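Engineer: Sequence and predicted structure below; questions after.
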Amino acid sequence: MKIKKILITGVAGFIGSNYSEYILKKFKKIKIVGIDNLVVGSKKNILEFLSNRNFIFYKVNINNLKKIVRISKNCDLVIHLASNADISKAIKNPLIDYIQGFKLTLNIIEAMRKNNIPNIIFSSGSGVYKECYNNELIENKTDLLPISTYGANKLSSEAFICAYSHLFGIKASIFRFANVVGKRQTHGVAYDFKRKLLKNSKFIKVMGNGTQKKSYIDVNDVIEATILAFKKQSNKFSIYNIANDDQITVREILKLVVKKLKIDYPKVEWSKLNRGWLGDVPFVKLSNKKIKKLGWKYRFNSRQAILNSLEVM
């Protein structure tokens with residue numbers, strides 16, 4: 001089936017705005033319907049697209065199912081990105097990942113059912129897996145035991161998308177991302193370090209003891225991986241990890257930021273825990289073998305992706 005019209009949720013956010021930019025540049029005949037409530041996302045992220053005849057934006061809350069059904073009519077594909085992006089917020093408000101996560105997914109797939117929209121790309125994450133310090137996290141082998149409500153939201157969403165896929169013939173591509181970085185980023189380790197050090201280059205307080213070690217992947221590598229996998233996917237439901245091959249520690253990231261800012265190394269107050277907050281997974285190593293078998297190659301390793309992101313923050 002040829003894709004002519006795409007609904008992007010969370011379009012004014014970090015990843016959503018980058019998806020829009022990529023699609024408008026690469027696929028001149030595809031129309032984008034973008035929706036966002038502009039609570040996390042910012043309209044400035046999509047200002048440059050508003051004059052494009054292939055882009056239309058609606059400020060709307062996805063909790064309003066009637067509006068979503070009306071707006072999404074005649075779409076061929078949904079790229080569902082809207083979600084609470086700040087995992088640590090759930091410590092004080094655990095329902096945030098239901099209200100701004102799972103509940104939104106239910107409305108999106110209901111709108112898809114009502115409008116017979118045949119395809120969905122869903123952004124999940126590594127938080128669906130159990131903590132694993134020694135082995136790679138593999139899509140169909142590693143236990144799914146989330147320790148955060150964010151991870152529980154993503155896993156619940158995956159399950160309902162899977163059910164709708166089988167019940168209503170929806171082709172669903174689920175992607176479990178590593179830490180995504182790049183242009184229009186609004187949070188993250190390097191982003192927070194840069195922001196804090198620009199305010200005070202002499203001192204910084206860090207969540208965790210700095211040994212947390214994860215992969216960081218460029219947003220355009222992520223977008224290219226999802227589009228490739230979606231095109232090549234032959235079955236109705238598939239799950240893919242998207243990550244590069246290496247990991248980097250928080251301490252190494254701090255050194256990169258300090259060097260980039262050309263300042264002396266600051267006094268650092270580390271916490272005693274090996275994680276930033278309850279629910280934070282301190283070590284993540286995603287297997288990327290499945291996505292690589294499709295012919296995908298990432299352009300940037302974790303260090304390069306972070307350095308790129310510091311250039312455009």
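Structural biologist: Cool, got the structure.
Engineer: For stretch 198-211, list every residue counted as buried.
Structural biologist: 204, 206-210 (16 or more other CB atoms under 10 Å). Using the backbone N, CA and C atoms, a C-beta is placed for each residue, glycine as well.
Engineer: List of residues touching it?
Structural biologist: Contact partners of stretch 198-211, identified using CB atoms under 8 Å, 6 or more residues apart in numbering, comprise 193, 196-197, 249-251, 254, 261, 263-264, 266-277, 280, 282.
Engineer: show me what contacts the spatially most central residue of the chain?
Structural biologist: Most central in the chain under CA atoms, centre = their mean is Ser123, positioned 5.5 Å from the mean C-alpha point. Contacts of Ser123 were listed using CB under 8 Å, 6+ apart, and they are 15, 80-81, 83, 175, 177.
Engineer: Okay, and the beta partners of it?
Structural biologist: Going by DSSP bridges, Ser123 is paired in beta bridges with Phe175.
Engineer: measure it to Lys28 for me?
Structural biologist: 25 Å (CB to CB, to the nearest Å).
Engineer: Could you list which of the contacts of Ser123 belong to strands?
Structural biologist: Judged by DSSP state E, strands contain the following of those: 80, 175, 177.
Engineer: In PyMOL, select just the buried ones from the residues you listed.
Structural biologist: In PyMOL, this line selects whichever of the ones in strands among the contacts of Ser123 come out buried by 16+ other CB under 10 Å:
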select buried, resi 80+175+177
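Engineer: can I get the ones in strands among the contacts of Ser123 in JSON lines with distance to Val189 and pLDDT?
Structural biologist: As requested, the ones in strands among the contacts of Ser123 are exported to JSON lines (distance: CB to CB, whole Å; pLDDT from 0 to 100):
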{"residue": "His80", "distance to Val189": "25", "pLDDT": "98"}
{"residue": "Phe175", "distance to Val189": "21", "pLDDT": "98"}
{"residue": "Phe177", "distance to Val189": "15", "pLDDT": "96"}
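Engineer: would you turn the ones in strands among the contacts of Ser123 into TSV with distance to His166?
Structural biologist: Listed next are those as TSV, based on distance: CB to CB, whole Å:
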residue	distance to His166
His80	18
Phe175	19
Phe177	24
